[in-house]
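Undergrad: Below are the sequence and a predicted model for it; my questions follow.
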Amino acid sequence: MSQAQATEKEKLEPETLRAKLEHWLRDVNEPDRVYTKNKKIEVVFLLEAVNAILPRTEGVEDITLFKIPGTEYEVPAILPEKLQAVSRRDMLSYLRSYRDKQNKENKELRTYLKKLSVVYKGSEGKGKEKKEILVGFKKAKDELWNCYIQPPSGEETDVGMDGFCPACALFGTVLDSSKIEGVGNISVGVKSRVEFDPAIAISDRKVSVIGLTHNKVSDGVSWTGQSLFTEQHVLPGTVFVGKVTLEDVTEPELKAFLAVLSAIDRLGGRESVFGGVRVHLVGVRGGSYETVSALELAKALVAEYGEELPNVGTVAEKLKETLKGKGFIVNVNQENFRKIVDDSNTWNDLWRSTLIYDKQVLERVLQLKGEEKYEEAEEWKKQ
Ligand SMILES: [Zn+2]
């Protein structure tokens, strides 16, 4: 085998995920997926600004800046909730296009979600009747599945969430009686299994941040010279180091998440003008504990590149050296991960994996509610 072939073979591909990381993935059919087992997948990536970006949370304040401890550098940063929201939104978009392509199969899956378990109240016997209560997800009966998130407004932060779709199951949701039928009053948090670090730029604000002056434009007239305002932007070419840890995920979940992460091209905000980014996957590692943080990695890189805007490829090579020593797979075929966002199998497998998770979540809720006897609904048994 030639050197080139050997290297090629070692690349992490969507098809080789299972073989390479099997020990750190949960099996789709495992009976206790809702309980954590410290199976963690760390993913390190670089996020490159491809136009001027405004990395800030909702609102009008300036961009987020972060002082690197132990240095004089202050660098732009992207908060975890932003990255979380962007990847969740993107995943929802892909799920919707999949639904439109595979309408029948996806509709069928959602039928099961409507009737997952049967709870028995009372007991059969002389003059007694066993009462069967069907338990399932309420919003699953909508003809058109449409889960969405929206910016926090008052207390209702999960207005559009259905509680059961692959994005809810992976990124977290709150289950209450508006989402589950047949269990009475509950409020249960399904924790996110995606944990982002803040993504931290490796170049000081002196070289990576600029104030841009805008003219206020109203319909038909532009008020040049008047009503100007200045906003801080991160310059194109600025490179951020990011890290995300996935906890107790299955192969379809990891595959779909890596596909979504690879394909992120916008950070949101003023999307029509600003926010263009490119994600570069650098390393993936499975383990029972986390080995690196974005801050540690950024700190080392800032020491070298703090005064300039280095080329993203150069930074990636440098980072790979560090990660290799920590057991990361640094040869990732990102192009192939990006491609599978358009492959229906990605979303089909993800929905099936989620269906089993949802059923286990629901059974956990029934346990918490103290229900003694419940079993699978007929619909579920048939599938
Ligand atoms: Zn959802």
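TA: Right, received. Where do you want to start?
Undergrad: okay, CA-based contacts and neighbour counts for the rest of this
TA: Fine.
Undergrad: hmm, which helix or strand of the protein has the shakiest average pLDDT?
TA: None of the helices or strands of the chain scores lower by mean pLDDT, DSSP states H and E than helix 3-10, at a mean of 50.
Undergrad: and the next element down the chain from it?
TA: Scanning forward in sequence from helix 3-10 by DSSP states H and E, the next helix or strand is helix 17-21.
Undergrad: so where's the stretch 1-150 of the chain uncertain?
TA: Low-confidence regions of the stretch 1-150 of the chain, defined by pLDDT under 70, span residues 1-9, 54-62, 123-130, 142.
Undergrad: Mind telling me which residue of it is nearest the ion?
TA: Shortest the stretch 1-150 of the chain-to-the ion distance, computed as Cα to the ion: residue-wise this is C147, at 4.5 Å.
Undergrad: mind listing what the nearest residue to that residue once chain neighbours are set aside touches?
TA: If the residues on either side of it in the chain are set aside, C147 comes closest to M161, at 5.1 Å by Cα to Cα, 6 or more residues apart in numbering. Counting by Cα atoms under 8 Å, 6 or more residues apart in numbering, M161 makes contact with 147-149, 168, 173.
Undergrad: Which of those residues fall within helices?
TA: Applying DSSP state H to the contacts of M161, the entries found in helices are C168.
Undergrad: I'd like to know which of the contacts of M161 are buried.
TA: If you count burial by 16 or more other Cα atoms under 10 Å, the buried members of the contacts of M161 come out as 147-149, 168, 173.
Undergrad: Pick out whichever of the residues you listed sits closest to V188.
TA: Nearest to V188 among the buried ones among the contacts of M161, counting by Cα to Cα, is T173 at 8.5 Å.
Undergrad: any idea how far the residue nearest to that closest one when sequence neighbours are not counted lies from A169?
TA: For T173, the nearest residue in space outside its immediate sequence neighbours is V190; the separation is 5.2 Å by Cα to Cα, 6+ apart. From V190 across to A169, the span is 7 Å (Cα to Cα, to the nearest Å).
Undergrad: Which one of these two is surrounded by more residues?
TA: When V190 and A169 are compared for neighbours, A169 comes out ahead with 21 against 17, by other Cα atoms under 10 Å.
Undergrad: Contacts only, for the more buried one.
TA: Under the criterion of Cα under 8 Å, 6+ apart, the contact list for A169 reads 163, 190, 192, 354, 357-358.
Undergrad: and the longest helix anywhere in the chain, is it in reach of the ion?
TA: Of all the elements of type helix in the chain, the one with the most residues (DSSP H) is helix 344-368. No. Applying Cα under 5 Å from the ion, one finds helix 344-368 separated from the ion by no less than 10.6 Å.
Undergrad: can you map out the strands along the stretch 101-250 of the chain?
TA: Secondary structure of the stretch 101-250 of the chain (DSSP state E, counting those that start in this stretch): strands located at 117-121, 131-137, 173-176, 180-181, 187-190, 194-196, 199-201, 209-214, 217-218, 221-222, 229-234, 239-247.
Undergrad: in the stretch 51-200 of the chain, which spans are helices?
TA: Listed in chain order, the helices of the stretch 51-200 of the chain (DSSP state H, counting those that start in this stretch) span 80-101, 103-114, 166-171.
Undergrad: returning to that earlier point: can I get the contacts of A169 in a markdown table including pLDDT and distance to L297?
TA: As requested, the contacts of A169 are exported to a markdown table (pLDDT from 0 to 100; distance: Cα to Cα, whole Å):
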| residue | pLDDT | distance to L297 |
| --- | --- | --- |
| G163 | 91 | 35 |
| V190 | 93 | 30 |
| S192 | 96 | 24 |
| T354 | 96 | 33 |
| Y357 | 95 | 34 |
| D358 | 94 | 36 |
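Undergrad: Buried members of those residues into PyMOL, please.
TA: Per 16+ other Cα under 10 Å, the buried members of those correspond to this PyMOL selection:
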select buried, resi 163+190+192+354+357+358
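Undergrad: which among the contacts of A169 gets closest to E290?
TA: The closest of the contacts of A169 to E290 turns out to be S192 (Cα to Cα; 16.6 Å).
Undergrad: quick one on the thing from earlier: of the helices of the stretch 51-200 of the chain, which stretch is the most buried?
TA: Per-stretch averages of neighbours, counted by mean count of other Cα atoms under 10 Å, single out helix 166-171 among those, with a mean of 23.
Undergrad: got the CA positions of that one in PDB?
TA: As requested, C-alpha coordinates have been extracted for helix 166-171 and formatted as PDB (Å, rounded to 0.1, in the frame of the first residue of the first chain):
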ATOM      1  CA  PRO A 166     -34.400  15.400  16.000                       C
ATOM      2  CA  ALA A 167     -33.400  19.000  16.700                       C
ATOM      3  CA  CYS A 168     -35.400  19.100  20.000                       C
ATOM      4  CA  ALA A 169     -34.000  15.700  21.000                       C
ATOM      5  CA  LEU A 170     -30.400  16.700  20.300                       C
ATOM      6  CA  PHE A 171     -30.300  20.400  21.300                       C
END
